[in-house]
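K.L.:
For reference, the sequence and a predicted model appear below.
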Amino acid sequence: MVPDTRLAPVVHHDVSTLGRLFTEAFNEDHFRLFIFSQGPDLGLSIEMNTSRIEKMFAKPSTRFVKAIDDSTGEIVGFITWTMVENQHDEEDADFDPPLNREFNQSVFGGLVRRRIATMKGKT
């Protein structure tokens with residue numbers, strides 16, 4: 001049975017919960033194991049994802065909405081979107097654990113080039 005849920009804006013003290021939820025959802029994803037050169041470390045992943053969400057939360061162009069289980073009051077999911085002019089943000093260039101950039105480029109590089117061509121240079 002699906003619990004009754006409601007949507008609400010995310011507030012700053014929700015950020016650590018969002019970092020944990022994101023990590024739980026994606027930490028052992030097999031594709032992630034190929035992208036990153038190290039296997040999933042739950043504590044490091046939670047810290048990394050919470051830090052990234054914290055940075056996103058601080059940006060005025062980013063919006064978050066959380067789904068709350070009405071029976072428990074717990075956050076059970078969230079969505080975020082950012083409206084940007086230029087998607088290449090230097091502060092997002094470094095990953096920890098280290099990104100397997102060669103593999104990542106081989107998988108996503110063509111998609112990025114086609115998107116840039118389609119958008120006529122606007123990323």
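P.N.:
Sure thing, it's come through. What you see is a predicted model, and the numbers here were worked out from it, not measured in a lab. Numbers count the residues shown, from 1 in each chain.
K.L.:
Assign the closest residue to residue 10 other than its chain neighbours to helix, strand or coil.
P.N.:
Nearest non-adjacent residue to residue 10, counting by C-beta to C-beta, 6 or more residues apart in numbering: residue 64, 3.6 Å away. C-beta coordinates here come from the backbone N, C-alpha and C atoms, glycine included. Following DSSP: H, G, I helix; E, B strand; the rest coil, residue 64 is assigned to strand.
K.L.:
helix or strand right after the worst-scoring helix or strand of the chain on mean pLDDT?
P.N.:
When the helices and strands of the chain are scored by mean pLDDT, DSSP states H and E, helix 30-35 comes last with a mean of 68. Following helix 30-35 in sequence order, the next helix or strand is helix 42-58 (DSSP states H and E).
K.L.:
what comes up buried for that next one?
P.N.:
45-46, 48-50, 52-53, 56-57 (16 or more other C-beta atoms under 10 Å).
K.L.:
And the furthest pair within those residues?
P.N.:
Spanning the widest gap among those are 45 and 57, at 18.0 Å by C-beta to C-beta.
K.L.:
about what we covered before: so which of the buried residues of helix 42-58 would you say is closest to residue 118?
P.N.:
Using C-beta to C-beta as the measure, the one of the buried residues of helix 42-58 that approaches residue 118 most closely is residue 56, at 25.2 Å.
K.L.:
Brilliant, that's me finished.
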